[in-house]
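**Student:** Starting from these lines, generate the structure:
(3 chains)
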Amino acid sequence: MSATIDGASRWLGPGAQSSEQITALISAPILERLSWRNWWIAFLAASALTVIMWISAIYLLAEGIGVWGVNSVIVWGFAIANYVWWIGIGNAGTLISALLLLTHQQWRSSLNRFAETMTLFAASIAGLFPIFHLGRPYVLYWIVPYPNRMGLWPQWRSALVWDFWAISVYILFSFLFWYAGLIPDLAVLRDRARNPTTRRIYGAFALGWRGSARHWDIQQRMYRAMAAIAVPMVCLVHSIVALDFAASLMPGWQETIFPPYFVVGALYSGFGIVVILAASLRWGFGFESLITREHFEVIARVLLAAATVMGISYAAEWFTAWYSNDAADVSQVIYQFTGTYWPMYLGQLLFNCIIPQVFWWPAARRSITAVVVVSVIINIGMWFERILIVWNTLGHGHMPSAWRIFLPTFWDWSLLFGSLGFFAFLFLLFTRVLPAVSIHEVNLLRHEEQKA
Amino acid sequence: MNRTPAELHTNRRRALQLLSSSLAIALTRCGEPREEIVPYVEMPERLVPGIPVRYATALPMAGYGRGVLGITIDGRPIKLEGNPRDEFGGGGTDIFAESAVLSLYDPDRSRIPIKDGIVASWEQFSGEWANGPGAGTANGGAGMALVTGRITSPTMLAGITALKMRYPELRQYRYEAAHDDAPRLGAQRAFGRNLDVIPHLGQADVIVVLDADPLGPGPNFLHNANEFSLRRNSQQPQRIHVAESGLTLMGAMADRRIAVRPQRIAQIARALASGFGVNTGAPGLSPSETAFVQTAAADLKQAGRGLILAGETQSGSVHALAHFLNSQLHAPVDLLNPADPEEQNHAASFSAFLRDVESGQIRSLIILDANPVYDSADSRQLAKAIAAIPFSVHCGCYANETADACRWHLPLSHPLESWGDLKSPGGATLLMQPLIRTLYDTRSSAELLNLLTMAAPMGARDLVRANWMPSGGSDFEQWWRQSLTAGVVPNSAPAPVSATAAMPSFETVQDPPQGVTLSLVPSPSVWDGRYANNAWLQECPAPFTKEVWGNAVQLSPEDAARIGVGFGDAIILRRGYSEIEAVAAVLKGQPQGAARAFLGQGRWRAGDIGNGIGVRMTALCPTGLERQIDGISIRAGGKTGLIHTTQYHTKLEGRDEDIFPLAASAQIASRLAQLKPDTGGIVPPLPADPYAWAMVIDNNLCIGCNACVIACQAENNVAVVGPDEVDLGRDMHWLRVDVYELDEADGLRRGFQPVPCMHCETAPCEPVCPVAASVHDHEGLNVQVYNRCIGTRFCESNCPYKVRRFNFFGYSRGQEYGNLGQPPVRAQHNPNVSVRGRGVMEKCTYCVQRISAARKNAEKEDRLIRDGEVKPACAVACPTHAIQFGNRNDANSAVAQLQHDPRHFSLLAHLDTRPRTTYLAKVWNPPAGQTG
Amino acid sequence: MKHLFAAEFETAEELKRAAGEAAAQGCPATDALSPFPVPEVMQHLAYRPRPVMGWAMAIAGACGAAIIWFVQWFSATRDYPIISGSRPLDSWQIFFIVMFEACILCSGAGGFITFIINCRLPSLHHPLFEIPAIERASRDRFFLVFEAAEDLHDFVAERITRLQPLSLNSVAL
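**Tutor:** Next comes the predicted model:
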């Protein structure tokens, strides 16, 4: 472990050395009437992209899937890649919150709230894409098992049915987990707000939380138990997403490595986004004392580890292909390196495996800019990985006569970038109505650190 | 009704009113013809709604006839099949016959007479004709000209004779854009007169093909394909040597093939002849050519019966030589007195027409179902000349380029709407009976001639009957019904004549000139352009390039490299002062210095579908009918080219074991024995059932003619998506014909493989469907439940064969291509097959509607469905009988037998999908003294 | 007529000490309010938690799993048996996946509901909220809550003052 900064407090800066300081700092964006010029600029930009996303979606629903670049052979396109990418981002929130809680990692306290929120938003956006991607979205509910006059049921062997369950369970569960952790902070806001209406609203959502010892006791038990099942759930969700591909017989998909490697990949891109959000909160709301360099330093270590695992996974794919000695598999790997999309594939390897290796150098880990830049790069690389999984395998399958390429259209891009804007839109709103950092947990952290 | 010209001064509004009303009439009039028509089998006591009835009739192909059976439901023809009673054709169909039913409902067909671009009426025309040129009997109709295509119809010929009797001075010009002048010249030289030479491919032990394509599109296609298939899999292997100047379907089937410039063919022919005691003077041959000639000659010598076939792009002397060699070899060819009685050759007749039009000798011009303005090299000039003629009338199904130039346009009935008769190239006479009342106010050609002769007005039926009265014998009615039932006039096929071919004389062989030689061949999709407005045909992939919606110029890789263009790049072809912009299709197996392009595209008045597709290659010709043009200079450039193709990759990538095994006939059995599929998977077999539907496709018989593709399209309401969607890779054909490059040698051969749904027993598409829209039925069909499908497309992404098709748009519901959404087109839809809407997956169903129809009948009679009782559209259409379908559980069924063939294999067997559609491997027969 | 006393303390340590002393004096606090969990205080309170959470979640999860398993088995083998890629109708291995998801969802929901019920939430009105100072309990102050019957009022008040709280407020129930 690198030497801790300014003695006692490793995870909290000088600006967060008393309850009052912490509470004021965190609730300021919500309760104080300050000028949030930067916030407004960001919000307008995000709103613009959001509008683009929904125009794109409406046009899609009106005209049909044909407005995208998908074709008879590469029948999946951006929608599926975006879906996997977003759900991957969603992964980190719950994992950070739950896993670090179970492993008593103190540095979780200042990250878990907005990380969980990120999970909620990302997972919900991810859930939109499979719906948009349907040929007949208006009969989506046929996937749900319910008694109906047609006497029909879902086909349980389909990975898409598993998907449906995975995503819905993921979103609902994450919401409960998130809300359970939020209640005490809502109480804080209730007690702190001067405007009676605000008081009432927060009061209502705080459900009359009094911070009584018995409340704490029960809440903590529940929170721990939920965390304990959240971890396997998160892993399962991403294994199921992986099964969308692995439970097939297409070259490059049918691989047992897929589930674990999707989980790691998801964690990877998720942490990347956490870094970006942490940096913007730190910068935008002056949370330097809550989110310290140390946090970035630790995350950088996680990213480094993940990058290495990703590299190994890719290598495992190549090995399996060579070892299987299956013409289609071998040709698939060769196609990845030499085929139509080889620049993207090399980019994927560079962005996901090579560049993050800079984190071997402490200097890089301690430079917030460096960590943010690498995180952005990683997320681009991860999107490449997802789209290439779709393009390369479908476009270069078992029958050479059916080898095709994918030509993205404007509507592919508009939905992708629009969804980014929509995420920013939701997150910016969140920062103004709910505490982006968990007040009571940071308070506890301060308490423990000062005890130490 | 008699109207004075004053009333007929129609303004635009009036015109629109008339057009719309005519459309309305058309749609309400859809139904049984007024006169009695006779079904193919036996007349049901009454027409049951929704039950298909078959009628025998005939379709013209370049003037010749081919017998077809029209399937009509509730008085609507919805599908055509081959007529087995037409022995010459052998019961199969080609894409032109299959697609005729779409042309019948083409919204762009002309519906009403037009004068100077304004709606007119038949009465008005006959009035003007009677007072105008028609009155000119005094001068014997001097300056009157009639332009037609090839005419074999006895009734039509009689009509023309009558017309000539009334107007002795009438000049008739007859030409086909895709003509057969070279064979005619050859016959004239060899036999001293015109003779139709009909080869019997099946009876030849060795076939040497000199730049000919007997398996290519054309009037003889069905005959040749059928004969070819009869011999192909027999015990006595047949060996095929092909020397050609471009890729042809025959060349793809060759056991030995070399690609040479067209001019070399003459040399090769001579060298071959010199092997048979003909003193031709030893021409210089390249080593590969010599090797080819030696093996071919050796093969011919030791073979029982040899056959030499010369191509239409070759000179008359090559044909004469071929005729001579054939007579030496006692080749299996029939010599027939020509079905087309016209003495003059096409090119001569056409240039005579051009000359006379230019010189203004023609005062009144009648163009009957021909399109000279498009066919002639200098269309603009010819159009101007025709426009200068005082009285000009164009009669045709479409108001085409020529109609534009003429003052009058008279709408002809579609063959499926009219009575008539035609001669097949084999000489037998076929009868045409209408399957439907004329949709619009049209006349058949026979009626039209009758109208021009100003004889007593007669219906086409009466004209045909009148013409056949003498041959009918005592009980004419009985004869008539019998002939209509069969669609063929009993024993009307002529006996072959015997003639000996004289030793031909040789003109001095000139060396290949500078520049590239361009061969113009009829298009495998739109023939000479007359089918250009048929969407099915435009979207029918060309055999080798898999190009649709266009006619790219096929270049050899060497030439392409020299010019610096790749597949699909824009090029400019230049001859003298004429230049055209085209697209390059680089093809292995195309000889260096020789390019090849298809006729028939680049139309500008074909209709909504055919306008502006591809390039009019004949613009490079001196007159328009030349089929081989020397000294073409090609360079890169022109508007950015785009080639629309449906198959991007034609190499096997070393997967031939899994996909397209090939071996010499001797080795194939041992070859395939090694790769028998291991079906020891953990998945249990399907539950037992009396039926296990299966299909066996013989790669060895598939000649890549696409008849099955179009047949499937017609039967199953498969949508046309148009060029832009094809570029996005969204063609909807349920059945595709894959083409593969088989050997990297210079004489590159190709293999064709039709790929419908495999109906896998362990179908990968089924477990991945979240709503069980893709499921198995108890008879082993992999069925797609359209109205349950929510469009996740998981099934197609998991289909190793990629045979499923998705409605990315409402291709047949609301978002149709071009004019295909208009009411008349819907009339073609098969009511027993649901029309798929946007957002659902679809695919080959083994024509399940036919299976259930057969099951109904079988259950009525309380028995099982017999073998051969159910035939999917593709199997019925296939002219080489390469597709067999039946119940695998019935040990005696054809498929069950074929599955024990040593050549039997499954596609991607190692995936253990247990496909119900399986294949027979392609084999080739090494020439004498060689092994694989 | 009962009374609630709320004794205010500066820090968590103070709270623990006071709670301990109160218990030692034989008049343990009934509850403690703190801005963050102070588990050590629990042992001194007159309140013993019942460990129901784990059981509740386990049972809820088991029920959810059982139900969805039945739905899968019934629909796939009894109500809508249909051949899909020749797979066995009862593809039980595959049923585990959705079963596990349902299990997690139900146990999570079960846990949350147990939490709500056991904490007697939502309770938007509580006598303690009458005390103005109490609002700092969510921020930086710690309170011990005592309950006293009418007759014991002064006795308890006296005992509490021995704990030297910053302030002492009482509210009548």
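
**Student:** What is the burial count for the closest residue to chain A within the stretch 701-850 of chain B?
**Tutor:** Proximity to chain A, evaluated over the stretch 701-850 of chain B using C-beta to the nearest C-beta, is greatest for residue B:791 at 1.8 Å. Every C-beta, even on glycine, is put in place using the N, C-alpha and C of the backbone. By the measure other C-beta atoms under 10 Å in any protein chain shown, the count of residues near residue B:791 is 23.

**Student:** can you give me the helices in the stretch 201-350 of chain B?
**Tutor:** Listed from the start of the chain, the stretch 201-350 of chain B has helices (DSSP state H, counting those that start in this stretch) covering B:221-232, B:249-253, B:262-274, B:287-302, B:316-329, B:346-358.

**Student:** Any figure for the gap between the residue most central in space within chain C and residue A:211?
**Tutor:** Residue closest to the mean C-alpha point of chain C, counted by C-alpha atoms, centre = their mean, is residue C:119 at 4.5 Å. Look at residue C:119 and residue A:211: by C-beta to C-beta, to the nearest Å, they are 11 Å apart.

**Student:** ok, now residue B:381?
**Tutor:** When C-beta to C-beta is applied, the distance between residue B:381 and residue A:211 equals 99 Å.

**Student:** Give me the more crowded residue out of these two.
**Tutor:** Higher neighbour count among residue B:381 and residue A:211: residue A:211, with 26 against 14, using other C-beta under 10 Å.

**Student:** In contact with that one, which residues?
**Tutor:** A:184, A:187, A:440, C:33, C:34, C:35, C:36, C:137, C:138 (C-beta atoms under 8 Å, 6 or more residues apart in numbering or on different chains).

**Student:** try 6 Å
**Tutor:** By C-beta atoms under 6 Å, 6 or more residues apart in numbering or on different chains, residue A:211 lies in contact with C:33, C:34, C:137, C:138.

**Student:** How about residue B:391?
**Tutor:** So residue B:391 contacts B:132, B:133, B:364 (C-beta under 6 Å, 6+ apart).

**Student:** Just the buried subset of those residues, please.
**Tutor:** With burial judged by 16 or more other C-beta atoms under 10 Å in any protein chain shown, the buried subset of the contacts of residue B:391 is B:133, B:364.

**Student:** Return the residues of chain A in contact with chain B.
**Tutor:** A:64-66, A:71-73, A:75-76, A:134-136, A:139, A:142-143, A:154-155, A:157-158, A:160-161, A:248-249, A:327, A:394, A:398-404 (C-beta under 6 Å from any C-beta of the partner chain).

**Student:** Let me see the contact set for the most centrally placed residue in chain A.
**Tutor:** Among the residues of chain A, the one closest to the centroid is residue A:89, at 1.9 Å (C-alpha atoms, centre = their mean). By C-beta under 6 Å, 6+ apart, the residues touching residue A:89 are A:122, A:269, A:270, A:273.

**Student:** Against residue B:458, how distant is the closest residue to residue B:892 other than its chain neighbours?
**Tutor:** Of all residues not flanking residue B:892 in the chain, residue B:867 sits nearest, at 6.6 Å (C-beta to C-beta, 6 or more residues apart in numbering or on different chains). Separation of residue B:867 from residue B:458 (C-beta to C-beta) stands at 48 Å.

**Student:** And residue B:594, by the same measure?
**Tutor:** 52 Å.

**Student:** which one of the two has more residues nearby?
**Tutor:** For residue B:594 versus residue B:458, neighbours defined as other C-beta under 10 Å are more numerous around residue B:594 (27 against 15).

**Student:** residues contacting residue B:415?
**Tutor:** Here residue B:415 is in contact with B:59, B:60 (C-beta under 6 Å, 6+ apart).

**Student:** One more pass at 8 Å, please.
**Tutor:** Counted by C-beta under 8 Å, 6+ apart, residue B:415 has contacts B:57, B:58, B:59, B:60, B:100, B:432.

**Student:** Keep only those of the residues you listed that are in helices.
**Tutor:** residue B:100 (DSSP state H).
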